[in-house]
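S.K.: Show me the folded form of this:
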Amino acid sequence: MTLRIIIISFLGGFLWALPGVSQTSTKQKVAALVIHNHRYQNIQPLAASVSLLDQFVTTLTKRNIEVTVAQNLHKVALYNTIDVFVKKVKKPEYTSVLVFYWGYFLEHRNQNYLLPIDFKPSTRKKDLVYRSVSIAELLAAFRRNKKPHYFFINGEDQQPFQVGKHQIGQRDKLRALNARVVYRQQKLVVKKTVPSRNTQASLTPFIKLFKAKACIEGIIKGLKSNPYLGNYQIWEKGKTSRDLCLQSVALAPKINVPLLQQQALQLILNRYDTISYPQALRMIQRALGADPTNKISQLIANALNPTKYGLVPIRGGEFMMGYALGKKDEKPIHRVRLSDFAIGKYEVTNLAYLVFLARYNTRQKRIADVKSDERYKKELLISDHLLGLAYNVQKQVWEVKDSSRLFHPVVNVSWYGAVKYCAYYGLKLPTEAQWEYAARGASRKAFAGSKRLVKVGWFLGNTEATVKTHEVGLLRPNAWGLHDLSGNVYEWCYDTYEADYYRSLASKRVNVNPSNAKERKVIGIRTPSDPYPKVIRGGSYQSSFVACQVFSRDKELPYELSYPGEKKNYVKKMIGFRVVSVR
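M.R.: Numbers count the residues shown, from 1 in each chain. Just a heads-up that it's a prediction; the model follows:
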């Protein structure tokens with residue numbers, strides 16, 4: 001039995017088009033279902049590109065297709081999702097149907113089966129078939145739908161277990177009327193090593209062809225020709241009486257992305273209230289629709305809605321935290337198990353914190369107004385800084401001191417200020433374990449994404465004295481797609497710092513979602529107005545490479561800030577933060 005990655009698409013009921021005849025003006029409504037399975041529980045997960053899938057969905061949307069996305073479905077959920085979608089497209093207003101399946105499938109007696117994420121490999125052939133979903137059943141679900149259909153089944157990445165011969169689709173029953181099936185399978189190649197489980201090669205031809213071709217026949221011919229054919233074989237089954245054409249991409253109006261970005265920033269910076277924020281968000285959403293990969297658009301959208309934009313999902317798991325050869329507070333190493341969470345792709349920027357201050361409308365304005373008692377210090381969120389935000393006394397508002405630093409990480413923000421920002425949006429600061437897990441990116445490299453810090457982080461060795469902080473996201477990300485976890489600025493963690501904290505964790509076999517929430521000692525030198533310091537991680541542009549290592553720990557008092565007129569060194573540890581969502 002062979003295990004492959006497949007893409008299945010059912011396309012039907014587009015505008016009728018005959019050779020040499022102009023396209024009719026009949027309105028069409030296309031429904032699309034995208035099923036994306038990659039987080040398999042009992043077999044190796046797929047190294048799928050989520051950004052590539054988003055790009056493909058955007059391509060379909062631009063061609064006036066109504067898209068529904070379902071990810072990581074177990075067997076029952078897979079059946080239910082298909083049934084619900086079939087009932088939806090039976091409505092007369094839908095003139096065409098498009099369904100994609102992205103995941104593994106296996107072959108048994110010349111029939112093909114989709115694999116849900118809870119599929120368990122077995123030595124019994126009946127178990128293999130029972131735990132999967134037959135493609136014949138999938139095709140049969142549309143048997144009473146007389147709208148034209150095109151089925152594209154794309155298979156690759158063969159796996160060690162297989163039953164039967166490699167005759168893809170020979171016995172899959174085609175019960176839908178006016179339907180055509182195109183099977184696209186990777187050629188069999190004897191390899192000594194296990195092939196790479198990466199699905200980017202599967203989607204790339206579809207993205208390019210759906211952008212370039214007007215009708216389905218052109219897409220099929222494109223799949224059969226170079227350079228899209230590649231190491232694939234094509235089989236066809238069924239037929240339709242006429243070709244089906246999609247709405248032209250050229251019909252969509254052109255959008256000036258830089259102009260929208262400029263207008264959105266003007267609404268945010270030139271108004272001293274939050275009334276204009278929804279309008280700015282709508283502008284930047286249009287810009288993201290035209291170019292979803294534009295970093296400036298992503299950062300503006302993240303500033304206006306950090307719960308929806310800028311979060312990268314991280315799959316939970318186990319890892320060894322700490323460093324056996326490190327400093328005393330970095331050892332001993334201990335096993336940690338984390339649940340799934342999402343973390344900010346970038347550090348929180350000056351623009352994002354400026355939007356928060358306008359919304360939060362804090363009465364705390366300057367550090368001089370705060371008393372020495374801790375209950376007053378908790379009201380201190382941020383202080384003026386040459387590299388970040390400053391308070392305009394005349395206008396009674398916070399402003400960006402240097403407009404060129406809008407997308408630099410916010411600095412001189414207290415731990416309380418970071419917590420208030422997170423709580424306002426229903427987010428959290430990362431725990432120390434979450435931060436290190438995200439920074440490592442499933443590797444044992446010393447820095448977040450590379451063995452060489454100069455490639456991934458700003459530190460003392462590559463930062464000029466006049467430059468200081470840098471715009472977020474300029475250097476290479478780590479394996480999770482996260483930027484600046486090593487260098488640029490330190491980042492607050494939720495945990496309280498204790499030098500011997502790792503020793504208490506090492507006594508357990510596994511620590512599930514650990515977090516040190518202590519605030520102060522009951523007995524000892526700490527008093528209510530003098531709390532425990534909090535953990536900071538990642539190093540900054542002021543740090544040596546040692547402080548920028550993913551396992552390096554540092555500390556700072558939760559209200560420790562620098563401010564103009566201070567007799568001590570004005571620039572202390574440059575501390576910012578990033579957010580986490582655990583929902």
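S.K.: contacts and neighbour counts: CA atoms only from here.
M.R.: Will do.
S.K.: Kindly list the longest strand within this structure.
M.R.: strand 96-108 (DSSP state E).
S.K.: Describe which strands it pairs with in its sheet and in which direction.
M.R.: strand 3-11 (antiparallel), strand 30-36 (parallel), strand 111-114 (antiparallel) (DSSP bridges).
S.K.: Quick one: the strands in the stretch 51-200 of the chain, in order.
M.R.: With DSSP state E, counting those that start in this stretch, the ranges of strands along the stretch 51-200 of the chain come out as 65-71, 96-108, 111-114, 133-134, 149-156, 179-186.
S.K.: what would those look like in a markdown table with distance to Lys573, mean pLDDT and mean neighbour count?
M.R.: Shown next, in a markdown table, are the strands of the stretch 51-200 of the chain (distance: least, Cα to Cα, whole Å; pLDDT from 0 to 100; neighbours: other Cα atoms under 10 Å):
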| stretch | distance to Lys573 | mean pLDDT | mean neighbour count |
| --- | --- | --- | --- |
| strand 65-71 | 42 | 83 | 16 |
| strand 96-108 | 47 | 77 | 25 |
| strand 111-114 | 53 | 78 | 24 |
| strand 133-134 | 56 | 84 | 20 |
| strand 149-156 | 51 | 67 | 25 |
| strand 179-186 | 54 | 72 | 22 |
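S.K.: Gln28 and Lys239: what is the separation?
M.R.: Distance, Gln28 to Lys239, by Cα to Cα, to the nearest Å: 21 Å.
S.K.: which of the two has more neighbours?
M.R.: Gln28 (17 against 14; other Cα atoms under 10 Å).
S.K.: what about Gln262, helix or strand, and which?
M.R.: Assigned by DSSP states H and E, Gln262 falls within helix 257-269.
S.K.: Can you give me the buried ones in that helix?
M.R.: Using 16 or more other Cα atoms under 10 Å as the test for burial, helix 257-269 gives 257, 260-261, 264-265, 267-269.
S.K.: and if you look at stretch 385-403?
M.R.: Across stretch 385-403, burial judged by 16+ other Cα under 10 Å covers 385, 387-391, 397-401.
S.K.: Please name the spatially closest residue to Pro558 (chain neighbours excluded).
M.R.: In this structure, Pro558 finds its nearest non-sequential neighbour in Trp415, 4.6 Å apart by Cα to Cα, 6 or more residues apart in numbering.
S.K.: That neighbour: neighbouring residues, count only.
M.R.: When neighbours are counted by other Cα under 10 Å, Trp415 registers 31.
S.K.: from the buried residues of stretch 385-403, which two are the most distant?
M.R.: Pairwise distances across the buried residues of stretch 385-403 peak at 17.2 Å for Leu387 and Val397 (criterion: Cα to Cα).
S.K.: For the chain, name the helix or strand with the lowest mean pLDDT.
M.R.: strand 15-17 (a mean of 34; mean pLDDT, DSSP states H and E).
S.K.: re earlier: hey, C-alpha coordinates of the longest strand of the chain in PDB?
M.R.: Taking Å, rounded to 0.1, in the frame of the first residue of the first chain, the C-alpha atoms of strand 96-108 are listed here in PDB:
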ATOM      1  CA  SER A  96     -20.200  25.500 -10.100                       C
ATOM      2  CA  VAL A  97     -18.300  23.600  -7.500                       C
ATOM      3  CA  LEU A  98     -14.600  23.400  -6.500                       C
ATOM      4  CA  VAL A  99     -13.100  21.100  -3.800                       C
ATOM      5  CA  PHE A 100      -9.500  20.600  -2.900                       C
ATOM      6  CA  TYR A 101      -8.100  17.900  -0.600                       C
ATOM      7  CA  TRP A 102      -4.500  18.400   0.500                       C
ATOM      8  CA  GLY A 103      -3.000  15.500   2.500                       C
ATOM      9  CA  TYR A 104      -2.000  11.800   2.400                       C
ATOM     10  CA  PHE A 105      -3.800   9.000   0.500                       C
ATOM     11  CA  LEU A 106      -3.200   5.300   0.100                       C
ATOM     12  CA  GLU A 107      -3.900   2.700  -2.500                       C
ATOM     13  CA  HIS A 108      -5.600  -0.700  -2.100                       C
END
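S.K.: Could you figure out how far that strand is turned away from strand 65-71?
M.R.: Strand 96-108 runs at 30 degrees relative to strand 65-71, counting by axes from the mean of the first three to the mean of the last three Cα atoms, to 10 degrees.
S.K.: Show me what the helix holding Gln262 is packed against.
M.R.: helix 277-290, helix 295-304 (3 or more Cα pairs under 8 Å, 6 or more residues apart in numbering; DSSP states H and E).
S.K.: what are the ranges of the helices in the stretch 51-200 of the chain?
M.R.: 75-89, 125-130, 135-140, 200-212 (DSSP state H, counting those that start in this stretch).
S.K.: again with the stretch 351-500 of the chain
M.R.: Ranges of helices in the stretch 351-500 of the chain, per DSSP H, counting those that start in this stretch, are 374-377, 415-424, 432-440, 453-456.
S.K.: and the third one, what other elements does it pack with?
M.R.: Just to be clear, that refers to helix 432-440. Here helix 432-440 is seen to pack against strand 317-321, strand 334-338, strand 490-496 when contacts are counted using 3+ Cα pairs under 8 Å, 6+ apart.
S.K.: Nearest approach to Leu357 belongs to which of the ones you listed?
M.R.: Closest of the helices and strands packed on helix 432-440 to Leu357 is strand 490-496, at 18.5 Å (criterion: Cα to Cα).
S.K.: For the closest one, C-alpha coordinates in CSV please.
M.R.: Output of strand 490-496 as CSV, limited to C-alpha atoms (Å, rounded to 0.1, in the frame of the first residue of the first chain):
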residue,chain,number,x,y,z
TYR,A,490,15.4,42.0,24.8
GLU,A,491,11.9,40.6,25.2
TRP,A,492,9.8,40.3,28.4
CYS,A,493,8.6,36.9,29.4
TYR,A,494,5.7,36.3,31.8
ASP,A,495,7.8,34.3,34.3
THR,A,496,9.4,35.6,37.5
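S.K.: buried set for that strand?
M.R.: By neighbour count on 16+ other Cα under 10 Å, the buried set for strand 490-496 is 490-496.
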